[in-house]
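K.L.:
Need a 3D model of the following:
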Amino acid sequence: MMKFCSLYSGSSGNCLFVSDGKTNILIDSGLSGKRIIEALVAIGENPSELSAVLVSHEHSDHIRGAGILSRKFDIPVYANENTWNAMEHEIGTVNIKNKRCFDNCKEFEIGNIFVKAFPIPHDASDPVGFNFFLDNKKVTTATDIGHMTNGLLKYLMGSDLLLLESNHDVEMVKVGPYPWPLKKRILGDRGHLSNEMAGKVVAYLAKNGTKKFLLGHLSRENNFPELAYQTVCNVLSENDICANKDIILTVALRDRVGAVVEV
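P.N.:
Predicted coordinates for the structure are as follows:
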């Protein structure tokens, strides 16, 4: 059995937790070490028993606490080579024994959990999402997605639990206060996934067997939880799927610790 919890998920900081009870993994650590430690304690976990920090890409809302946690608790930090090159000067010194590199699309093992990193379209050096495998169960995290592709869907398929980006409402971005270059970036092919597109992905995967979904990485300025949830529910209804009857659908919040989900 795996346990999964979104400690924080949003444009202001991201940190997710997956565990089998012995192997305890953080996916990203884009907040202060203090806030991440407090979040772990809030769900009954001992920060000193972390097995690893995985890094999806080098943007600050994903790496802010990585070096701090590694130095404080002597934890390995895993990233691909390009991401290490891009973030190393940002996170401070990491002990050489704790600097771990993985290859995209090649499975590796952390404790009892098998991990596979897969490429995602985003404006970073070599961004990835993650699959986690244990006892024929699969948990997937995929955020910071500029657009959905058939290749990416291949890695999402078969998940027992998926945390998927539902970053923004397109109209809120268009009429909002952001300067045009930033709007163009968010809406572009290497930006972020909209609520509407997240709904289409959830509907497709629900028809193919996935039953548990969390919507994550919501924008502070261009979205809010009720809108993301309702937009996805509307797309599901168009596909004759009822949220919280046919599937479980929840929203991972930007500013607070979520519930622990068992898979």
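
K.L.:
For stretch 246-259, list every residue counted as buried.
P.N.:
Buried positions in stretch 246-259, judged by neighbour count with 16 or more other C-beta atoms under 10 Å: Ile247, Leu249, Thr250, Val251, Ala252, Leu253, Arg254, Val257, Gly258. For every residue, glycine as well, the C-beta is placed using N, CA and C.

K.L.:
Ile96: which of those residues is nearest?
P.N.:
Ile96 has its nearest neighbour among those in Val257, at 32.6 Å by C-beta to C-beta.

K.L.:
Wait, the closest one touches Leu7, no?
P.N.:
Yes - the criterion here is C-beta atoms under 8 Å, and Val257 meets it with Leu7 at 5.4 Å.

K.L.:
Which neighbours do these two have in common?
P.N.:
With contacts taken as C-beta atoms under 8 Å, 6 or more residues apart in numbering, the residues that reach both Val257 and Leu7 are Ala39, Ile43.

K.L.:
Strands of this structure, start to end?
P.N.:
Along the chain, counting by DSSP state E, strands occupy 3-8, 15-19, 24-27, 52-54, 77-79, 99-101, 108-110, 113-119, 128-134, 137-142, 161-165, 212-216, 248-251, 261-262.

K.L.:
Report the rounded mean pLDDT for the fifth one.
P.N.:
This means strand 77-79. For strand 77-79, mean pLDDT is 98.

K.L.:
neighbouring contacts of it?
P.N.:
Against strand 77-79 from outside (C-beta under 8 Å, 6+ apart): 52-55, 58, 66-67, 70, 87, 91, 94, 98-102, 110, 115.

K.L.:
Need the buried ones from these selected in PyMOL.
P.N.:
This is the PyMOL syntax for the buried subset of those, where burial follows 16+ other C-beta under 10 Å:
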select buried, resi 52+53+54+55+58+66+67+70+87+91+94+98+100+102+110+115
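
K.L.:
For the most centrally placed residue in the chain, give the beta-bridge partners.
P.N.:
Central residue of the chain (C-alpha atoms, centre = their mean): Thr141, 4.4 Å from the mean position. Beta-bridge partners for Thr141, by DSSP bridges, are Phe130, Leu163.

K.L.:
got a list of what it touches?
P.N.:
Contacts of Thr141 by C-beta under 8 Å, 6+ apart are Leu16, Ile27, Ser56, Gly129, Phe130, Leu162, Leu163, Gly216.

K.L.:
try 6 Å
P.N.:
Contacts for Thr141 (C-beta atoms under 6 Å, 6 or more residues apart in numbering) come out as Leu16, Ile27, Gly129, Phe130, Leu163.

K.L.:
Out of these, which is nearest to Asn136?
P.N.:
Using C-beta to C-beta, the contacts of Thr141 come closest to Asn136 at Phe130, 17.6 Å.

K.L.:
Can you check the pLDDT for the closest one?
P.N.:
The model's pLDDT for Phe130 equals 98.

K.L.:
same deal with the one 5 residues further on?
P.N.:
For Asp135, the model assigns a pLDDT of 96.

K.L.:
swap in Arg254?
P.N.:
So, for Arg254, pLDDT stands at 89.

K.L.:
Do you have the helices of the protein handy? List them.
P.N.:
Assigned by DSSP state H, the chain shows helices spanning 33-42, 60-63, 66-73, 81-91, 150-156, 170-175, 180-187, 195-207, 225-238.

K.L.:
could I get these as CSV with distance to Ile120?
P.N.:
Putting those into CSV (distance: least, C-beta to C-beta, whole Å) gives the following:
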stretch, distance to Ile120
helix 33-42, 23
helix 60-63, 12
helix 66-73, 19
helix 81-91, 12
helix 150-156, 6
helix 170-175, 19
helix 180-187, 15
helix 195-207, 13
helix 225-238, 19
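
K.L.:
Indicate which one of those helices is closest to Asp123.
P.N.:
helix 180-187 (6.7 Å).

K.L.:
Mind exporting the C-alpha coordinates of the closest one to PDB?
P.N.:
C-alpha atoms of helix 180-187 as PDB (Å, rounded to 0.1, in the frame of the first residue of the first chain):
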ATOM      1  CA  TRP A 180       1.000  40.000 -22.200                       C
ATOM      2  CA  PRO A 181       4.400  38.100 -22.300                       C
ATOM      3  CA  LEU A 182       3.500  36.300 -19.100                       C
ATOM      4  CA  LYS A 183       0.000  35.500 -20.300                       C
ATOM      5  CA  LYS A 184       1.500  34.200 -23.500                       C
ATOM      6  CA  ARG A 185       3.800  32.000 -21.500                       C
ATOM      7  CA  ILE A 186       1.100  30.500 -19.300                       C
ATOM      8  CA  LEU A 187      -1.200  29.800 -22.300                       C
END
